[in-house]
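Engineer: Sequence below, structure please.
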Amino acid sequence: NEQHQLATEQRVLESVVQANETEERRQTREEAVFKQTLIKEEVEEIMRPFYCDVCDKQYTNDGQFQEHLNSYDHHHKKR
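Structural biologist: This next block holds a predicted model:
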């Protein structure tokens, strides 16, 4: 499979680059990964208000969340 081979080559190239990278480049790469992790955590925190603890369901916007809160399923599980 051509896509699999390309992905494998990219991983090999990345590992070679990491093995030969300078301390400054390693630090820059690690900082970028750290920033991406922070962004992911922030997005999860922003999405948290649209999460129903009672039903263990996540919604993408307020309208969906409000509709769920008024639903039969939600009120049935609340009992």
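Engineer: Tell me which stretches of this protein form strands.
Structural biologist: Applying DSSP state E to the chain gives strands spanning 51-52, 57-58.
Engineer: Of these, which is nearest R79?
Structural biologist: Of all these, it is strand 51-52 that lies closest to R79, at 14.7 Å by Cβ to Cβ. The way it works is simple: take the backbone N, C-alpha and C, and place the C-beta from them, glycine included.
Engineer: which residues touch the longest helix along the chain?
Structural biologist: Ordering each helix of the chain by length in residues (DSSP state H) puts helix 23-47 first. Helix 23-47 has contacts (Cβ atoms under 8 Å, 6 or more residues apart in numbering) with Q18, E21, Q58, T60.
Engineer: Around the nearest residue to the last one once chain neighbours are set aside, count how many other residues there are.
Structural biologist: Which is T60. Excluding the flanking residues, the one nearest T60 by Cβ to Cβ, 6 or more residues apart in numbering is F50, at 6.7 Å. A count of nearby residues for F50, using other Cβ atoms under 10 Å, gives 17.
Engineer: for the one 5 residues further on, same thing?
Structural biologist: Each residue near C55 was counted by other Cβ under 10 Å, and the total is 15.
Engineer: quick one, phi/psi of it?
Structural biologist: Torsion angles at C55 (phi, psi; degrees, to the nearest 10) stand at phi -100, psi -10.
Engineer: quick one on the thing from earlier: closest one of the contacts of helix 23-47 to N1?
Structural biologist: When the contacts of helix 23-47 are compared against N1 (criterion: Cβ to Cβ), the nearest one is Q18, at 25.1 Å.
Engineer: per-residue pLDDT, that closest one?
Structural biologist: As predicted, Q18 sits at a pLDDT of 81.
Engineer: Just give the number of residues close to it.
Structural biologist: Q18 has 11 nearby residues by other Cβ under 10 Å.
Engineer: Now for it: which residues touch it?
Structural biologist: So Q18 contacts R26, R29 (Cβ under 8 Å, 6+ apart).
Engineer: Apply 7 Å and report the result again.
Structural biologist: Listed by Cβ atoms under 7 Å, 6 or more residues apart in numbering, the contact set of Q18 is empty.
Engineer: For it, give its distance to R11.
Structural biologist: Here Q18 is placed at a distance of 10 Å from R11 (Cβ to Cβ, to the nearest Å).
Engineer: Many thanks, I have nothing further to ask.
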